[in-house]
Each structure stands twice: as structure tokens, then as C-alpha cells.
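Asker: Sharing a model prediction with you, sequence too.
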Amino acid sequence: MKILLVYPYFIEPRIHVEEIAAVPMGLYYIGATLKANGYDVEIINWYDAKDSRAAIEETLISKAPDVIGFSILHANRWGGIEIARLAKSIDPHVKVVFGGIGATFLWHHLLSNFRQIDYIVLGEGEHTFLKLLEQFASNAAPEVIGRIAGLALRRNRRIVRTAPAPFIQDLDSLAPPALYFDFQHLSLTRGCPGRCTFCGSPRFWKRRVRAHSSDYFVDQLAMLAQRGANSFFISDDTFTLNAGRVIEVCRKMIDRGLNVVWQAISKVSAVNAEMLYWMRKAGCIQISYGVESGAPQIRERFRKDIHEDQIKRAFDLTTAHGIMARAYFIYGAPGETWETIGQTLALIRRIRPLSAIFYILDIFPGTELYEAYKARHGVGDDIWLQPIEDLLYFEDDPDLDQETILAFGKHLRETYHRWLPQIAADIDLADHPDLRQEQADFLSRLGMTFSHGDYAGIQGSPSALQTARMLYRRALSLHPDHRAFWGLALVHQREGERAQAVETLQQGLHHFPRSRELNLCIGIAYAGMGRFRRALDHLLPFEAAPEAARHIAQCRKALGRESRS
């Protein structure tokens with residue numbers, strides 16, 4: 001039996017593509033469960049394949065799956081529907097199974113309106129999907145399949161759901177996905193105790209949290225790192241809920257010599273200095289916090305259960321330990337006005353996030369906001385028969401309109417970007433002698449963002465190069481940092497300061513003599529200064545590098561002219 005597990009495409013483009021590009025961890029867990037039980041499984045990431053119908057069709061024909069499982073978040077449900085329709089047109093006998101948070105909350109709607117969907121796995125999917133495949137393999141009768149817990153299906157021309165499947169209590173009993181697949185998103189826990197009105201997690205996970213053991217989690221990281229991965233995103237709703245567990249994980253990562261960097265998501269009320277110290281020592285470079293609004297009344301409507309002093313403390317502590325503190329904000333909420341937007345900006349001034357993402361409030365199935373929307377309008381789930389990804393709250397609020405919402409967003413982003421250089425200049429690091437290397441790494445990463453990354457070209461962010469220069473110099477005042485030497489030299493070169501660039505690179509090579517980047521950079525600088533022999537000393541050891549070849553040829557040509565004169 002051939003099984004394809006598909007992460008389907010979204011119908012609308014994204015500003016932050018990284019938010020949707022990774023296959024959800026649940027699909028890897030299901031894939032690992034099936035592989036551990038002898039099934040032929042392949043995972044396909046089609047998140048960006050909206051305009052690739054021919055390639056999708058070719059893949060479906062060549063792989064000839066017996067079963068296709070789709071990971072549905074909600075915004076990609078139409079991608080799943082369209083791919084399922086195509087699969088059924090190729091092979092009417094292929095079985096199509098939807099699962100994930102989007103399918104769980106719209107199971108009746110999807111089965112009622114889309115005949116190409118045969119089954120929907122509700123909630124946590126590993127055991128239910130495995131049992132379903134076992135029944136397929138044995139050609140079980142429909143009534144037998146109908147007794148599998150955690151399933152929705154058609155039976156006797158009716159759409160029904162079976163009894164809920166119990167949560168998996170021992171997460172370590174699941175086959176580790178890293179045994180079978182390569183990926184960079186992992187999870188330590190499942191669930192969240194929060195009750196945010198815009199989020200489907202409270203209803204999906206029943207506000208319960210379960211966790212892997214630290215050994216299971218670190219073993220997965222180690223397997224992936226051994227195969228070459230060195231950057232990870234921990235996708236738990238709130239990674240830091242259990243401080244002891246987090247510290248244990250970090251200590252084991254350090255003890256095993258895992259030289260990786262990683263990012264996590266947390267809640268401002270769930271971090272402390274000791275935890276952040278160990279997270280940074282273990283390679284954490286960014287923590288994202290859901291702040292949502294600077295207006296207390298809006299946070300209360302969202303049921304965020306956080307206070308401004310907690311927000312300030314979390315951002316100060318995170319930055320002090322050399323970890324990028326990123327803030328998520330939502331605008332266009334119930335009661336949003338220019339005054340509340342001003343309160344959000346005032347909070348940004350106070351907490352000084354080094355990264356911020358601003359979203360318009362969306363309404364999704366499974367959330368408290370969605371239930372209120374349906375009750376208010378007397379509508380059901382058939383509003384999703386339209387090929388839309390979401391409902392924007394402001395469209396339902398007589399006090400808000402599109403022009404105002406767009407103005408809110410523009411003002412928030414432009415003001416924040418204008419403040420960024422000063423926010424970077426005001427970074428207050430903790431006096432931790434044994435964190436200086438990590439803090440230097442933090443400053444140089446941020447410097448690269450200003451000189452060559454996202455902040456370099458932002459309109460309204462003045463003095464990007466000057467900010468980068470300051471950050472690189474501050475990094476080098478803490479510890480010899482490879483990226484800081486390289487970045488500062490590049491800034492000098494862009495400013496026409498060749499002598500300063502060479503001096504910086506010489507200092508860097510004293511600490512990192514075999515660095516490809518530093519040698520190529522100084523070699524190119526020497527060539528530009530007419531010092532061709534010195535240039536070749538640094539370029540020739542890296543002549544296989546594409547960027548070196550042209551400069552080596554130029555140096556040899558120039559030296560040939562000198563020898564003939």
C-alpha cells in the first residue's frame with residue numbers, strides 16, 4: 001500500500017513565507033508511525049504549488065498512491081480540496097483522508113460539500129490514521145471502519161463522527177520522526193493552557209499539555225544534527241511552560257555537544273533568568289512572544305492573561321541574555337481605535353522588541369471569536385464554501401473599515417522601523433562573563449540584519465549601516481566574533497574605507513586564520529588596492545569558490561603585465 005502525506009498549498013500569497021513553508025510536525029509524526037508499522041510512506045510539501053497543477057498531476061500519476069492524507073490548517077483547505085479532486089480524477093479508487101486542526105473543526109462541512117474527501121481524522125491523528133490503514137489493508141467492512149475512534153465519515157448516506165479518540169498520554173511511545181525524515185521544526189510538548197479567543201488551540205487540545213521526555217527530544221535533535229541540520233524552530237505553543245524541563249533539555253544539548261541554533265515560542269509570564277541563561281548557552285537565538293496589543297482592554301478581550309510589567313520583564317530579560325525577542329501584534333481588534341494603536345506603540349517604546357510582526361485580526365473556525373461571529377449573524381460553516389482563507393474581523397465591525405485598518409498597519413510598521421536603530425542602540429546586556437561569546441554572536445547577527453538583511457532596505461529605517469557598524473564593534477568589544485569581523489569589514493568596504501576594512505580583516509584572521517569568508521574578503525580588498533601578490537595569498541587556497549575565480553584571474557593578468565614591463 002502506497003501512502004502519500006501531503007501539505008497542500010495556500011491560495012493567498014504571504015509576506016512572511018516562513019510562517020507557512022514548513023510541513024507541520026504532526027504530519028511527520030504520522031509518517032513515522034506508519035513507517036514504524038511497515039507502510040510505504042512519502043511526505044510531500046506542496047505549500048507553494050498553487051500554480052503547478054501539471055507537476056502535481058505528474059507526481060500523482062507516477063507515485064500512484066492508494067491513500068492520500070492531507071494536513072489541513074484551514075487556510076490551505078482549498079489546496080487540499082483541489083488536489084484531492086485531481087487525485088480522484090486520476091484514480092477514482094484512491095482513498096482521501098483529511099486531518100489537522102482545519103479539518104477537525106470543519107469535518108461536517110467538508111464531508112457534506114466535497115465528495116472527493118472520504119474520511120476525516122479528528123484531533124490527534126497517529127493512532128486513528130494507523131487503525132484506518134489497517135482496516136483498508138484487510139478490506140474491512142464499512143461498519144468496522146465506523147468503529148474506529150476519532151474519525152468522521154459517510155455511513156448509510158449520513159455524515160457521522162465516531163467517539164473521540166483519547167489523547168496519547170505517553171508521547172515518547174510514538175516513533176521518533178527523525179528516524180525517518182529530515183526536518184527543522186520540532187516539538188517538545190503538545191497543547192497550551194491558554195484561552196486566547198483568536199486561537200483554535202484551546203478547543204483542539206482541551207487546554208491540556210503533554211510533553212516528551214528530554215531524552216526523546218534531544219535524541220531527535222542529535223539525529224537531525226548528525227545529518228547536517230544546524231538550525232531549528234521549536235514549534236510548541238509555549239515551549240517554556242516547565243522551567244525544569246527546559247533547563248534539563250538545554251543541559252543535555254550542551255553535554256552532547258550539539259552545535260546548533262534554534263528559535264522558540266513562549267509566553268511572557270513563563271520565562272525567568274535562569275531558564276534564559278541555559279537556553280542561550282544551548283543555542284537559542286530567538287524567542288517569539290504573543291503580545292497582541294498595548295491596550296489592556298484589547299488584551300482582556302483576547303483573554304491573553306498577561307500584564308504590561310510581565311511583558312516588559314520578559315523582553316528585558318530575553319535581550320539581556322543575548323536572545324532576539326520578537327513580538328507578535330494583532331491590530332483591527334474589537335474596540336481598536338487610533339488611541340489603542342497609540343497604546344501599542346507606547347508599549348513597543350517600552351519593551352523595545354528587536355523584531356515585530358503585525359497581523360490583521362483573522363477569524364478562524366474552532367475559535368471563540370468564530371463562534372461569536374456565527375451566533376451574531378445566524379450563519380453556519382457554509383460561509384467557507386467560498387474560496388477564501390479567513391474572515392477579517394474588521395469587515396464585521398461597523399466602527400472599522402478597510403482604509404482605517406490599512407492605515408493602522410502602515411503607521412505601526414513605519415513607526416516601529418523608524419525606531420529600530422535606537423532600539424538596537426539601547427540594548428542592555430546582562431553582565432555574564434560566561435555569556436560574552438553568545439552575546440557577541442547575538443549582536444553580530446543583529447548587525448548583519450541591518451547591513452545585509454531585512455532591516456537594510458526597510459523604508460523609514462535610517463542609519464542602517466551606522467547601526468550595523470555600532471553593533472559589530474560592540475560585539476567585538478565582548479568577544480572575537482567571526483561574523484562581526486566580516487560584517488564590519490564589509491561595512492568599511494561599502495563606505496570606501498579600504499584600509500580600515502583590511503585592518504579589521506587582519507584582526508579577524510588572527511583569530512580565524514582558515515575562514516573562507518575573511519580570506520576571500522581580504523583577498524578582494526588587496527586586489528582592489530593593487531596588491532595582487534598579497535591578494536593571491538588569500539584567494540588561492542579557496543580558488544574553487546566561484547567568487548574567487550574572477551579575482552584570481554585578474555590578479556594573474558595584472559602580475560603578468562608587471563613582469564613584462
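Answerer: Cool, got the structure.

Asker: How about residue 37, nearest residue that isn't a chain neighbour?
Answerer: Nearest in space to residue 37, with sequence neighbours left out and distances taken as C-beta to C-beta, 6 or more residues apart in numbering, is residue 130 at 6.2 Å. Backbone N, C-alpha and C define where each C-beta goes, glycine included.

Asker: Am I right that that neighbour is in contact with residue 36?
Answerer: No. Under the criterion of C-beta atoms under 8 Å, residue 130 is not in contact with residue 36, lying 9.2 Å apart.

Asker: for the protein, what's the longest helix?
Answerer: As far as residue count goes, and with DSSP state H defining each element, the longest helix of the chain is helix 402-425.

Asker: Please, which helix or strand holds the residue nearest to residue 37?
Answerer: Using DSSP states H and E, the element containing residue 130 is helix 126-137.

Asker: Point out the other helices and strands that that helix packs with.
Answerer: Other elements packing on helix 126-137 under the criterion 3 or more C-beta pairs under 8 Å, 6 or more residues apart in numbering; DSSP states H and E are helix 25-36, strand 67-71, strand 95-99, strand 119-121, helix 142-145.

Asker: okay, the angle between that helix and helix 25-36?
Answerer: 50 degrees (axes from the mean of the first three to the mean of the last three C-alpha atoms, to 10 degrees).

Asker: Please compute how far helix 126-137 lies from its chain's middle.
Answerer: 30 Å (C-alpha atoms, centre = their mean, to the nearest Å).

Asker: Tell me which stretches of the stretch 351-500 of the chain form helices.
Answerer: Counting by DSSP state H, counting those that start in this stretch, the segments of the stretch 351-500 of the chain that form helices are 368-377, 402-425, 436-451, 464-478, 482-494, 498-511.

Asker: Save those as JSON lines, and put in distance to residue 62, mean neighbour count and mean pLDDT too.
Answerer: Rendered in JSON lines, the data for these read as follows (distance: least, C-beta to C-beta, whole Å; neighbours: other C-beta atoms under 10 Å; pLDDT from 0 to 100):
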{"stretch": "helix 368-377", "distance to residue 62": "39", "mean neighbour count": "15", "mean pLDDT": "94"}
{"stretch": "helix 402-425", "distance to residue 62": "44", "mean neighbour count": "17", "mean pLDDT": "96"}
{"stretch": "helix 436-451", "distance to residue 62": "42", "mean neighbour count": "23", "mean pLDDT": "97"}
{"stretch": "helix 464-478", "distance to residue 62": "48", "mean neighbour count": "21", "mean pLDDT": "96"}
{"stretch": "helix 482-494", "distance to residue 62": "44", "mean neighbour count": "22", "mean pLDDT": "96"}
{"stretch": "helix 498-511", "distance to residue 62": "50", "mean neighbour count": "18", "mean pLDDT": "96"}
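
Asker: I'd like those as CSV, with distance to residue 539 appended.
Answerer: Conversion of the helices of the stretch 351-500 of the chain to CSV gives the following (distance: least, C-beta to C-beta, whole Å):
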stretch, distance to residue 539
helix 368-377, 59
helix 402-425, 34
helix 436-451, 23
helix 464-478, 24
helix 482-494, 15
helix 498-511, 13
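
Asker: Looking at these, which is nearest to residue 258?
Answerer: helix 436-451 (14.6 Å; C-beta to C-beta).

Asker: got the angle for the closest one vs helix 482-494?
Answerer: Relative orientation of helix 436-451 with respect to helix 482-494: 30 degrees, computed using the same axes, to 10 degrees.

Asker: Packing partners of helix 436-451?
Answerer: Taking 3+ C-beta pairs under 8 Å, 6+ apart as contact, the helices and strands that helix 436-451 lies on are strand 284-292, strand 324-331, helix 402-425, helix 464-478, helix 482-494.

Asker: quick check: angle from it to strand 324-331?
Answerer: 50 degrees.

Asker: just how off-centre is helix 436-451 within its chain?
Answerer: When distances are taken as C-alpha atoms, centre = their mean, helix 436-451 is centred 20 Å away from the chain's centroid.

Asker: now it against helix 402-425, angle please.
Answerer: Computed by the same axes, to 10 degrees, the angle between helix 436-451 and helix 402-425 is 130 degrees.

Asker: Excluding its own residues, what touches helix 436-451? List them.
Answerer: Applying C-beta atoms under 8 Å, 6 or more residues apart in numbering, the contact partners of helix 436-451 are 280-281, 285, 321-324, 354, 421, 424, 427, 429-430, 432, 455-456, 464-465, 467-472, 474-476, 478-481, 483-484, 487-488, 490-491, 494.

Asker: Contacts for the helix or strand of the chain with the lowest mean pLDDT, please.
Answerer: The element with the least model confidence among the helices and strands of the chain, by mean pLDDT, DSSP states H and E, is helix 546-564, at a mean of 85. The contact list for helix 546-564, computed with C-beta under 8 Å, 6+ apart, reads 520, 523-524, 527, 530, 532-533, 535-536, 539-540, 542-543.

Asker: which of the residues in it are buried?
Answerer: Within helix 546-564, the residues scored as buried using 16 or more other C-beta atoms under 10 Å are 548, 551, 552, 554, 555.

Asker: Tabulate these (CSV), appending distance to residue 83.
Answerer: Formatted as CSV, these follow (distance: C-beta to C-beta, whole Å):
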residue, distance to residue 83
548, 45
551, 48
552, 49
554, 51
555, 54
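
Asker: What's the local residue count around residue 15?
Answerer: Applying the criterion other C-beta atoms under 10 Å, we find 8 residues in the vicinity of residue 15.

Asker: scratch that, residue 526 is what I was asking about
Answerer: With neighbours defined by other C-beta under 10 Å, the count for residue 526 comes to 23.

Asker: related to what we said a few turns ago, CA atoms only: put the least confident helix or strand of the chain into PDB for me.
Answerer: What follows is helix 546-564 as a C-alpha-only set of coordinates in PDB (Å, rounded to 0.1, in the frame of the first residue of the first chain):
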ATOM      1  CA  PRO A 546      33.000  30.800  -7.700                       C
ATOM      2  CA  GLU A 547      33.600  34.400  -6.300                       C
ATOM      3  CA  ALA A 548      37.300  33.800  -6.100                       C
ATOM      4  CA  ALA A 549      37.900  32.700  -9.700                       C
ATOM      5  CA  ARG A 550      37.400  36.100 -11.400                       C
ATOM      6  CA  HIS A 551      39.600  37.900  -8.900                       C
ATOM      7  CA  ILE A 552      42.400  35.300  -9.200                       C
ATOM      8  CA  ALA A 553      42.300  35.700 -13.000                       C
ATOM      9  CA  GLN A 554      42.500  39.500 -12.700                       C
ATOM     10  CA  CYS A 555      45.500  39.300 -10.300                       C
ATOM     11  CA  ARG A 556      47.400  36.900 -12.500                       C
ATOM     12  CA  LYS A 557      46.700  39.100 -15.500                       C
ATOM     13  CA  ALA A 558      47.900  42.100 -13.700                       C
ATOM     14  CA  LEU A 559      51.100  40.400 -12.400                       C
ATOM     15  CA  GLY A 560      51.700  39.100 -16.000                       C
ATOM     16  CA  ARG A 561      51.700  42.700 -17.200                       C
ATOM     17  CA  GLU A 562      54.000  43.800 -14.400                       C
ATOM     18  CA  SER A 563      56.600  41.000 -15.300                       C
ATOM     19  CA  ARG A 564      56.600  42.100 -19.000                       C
END
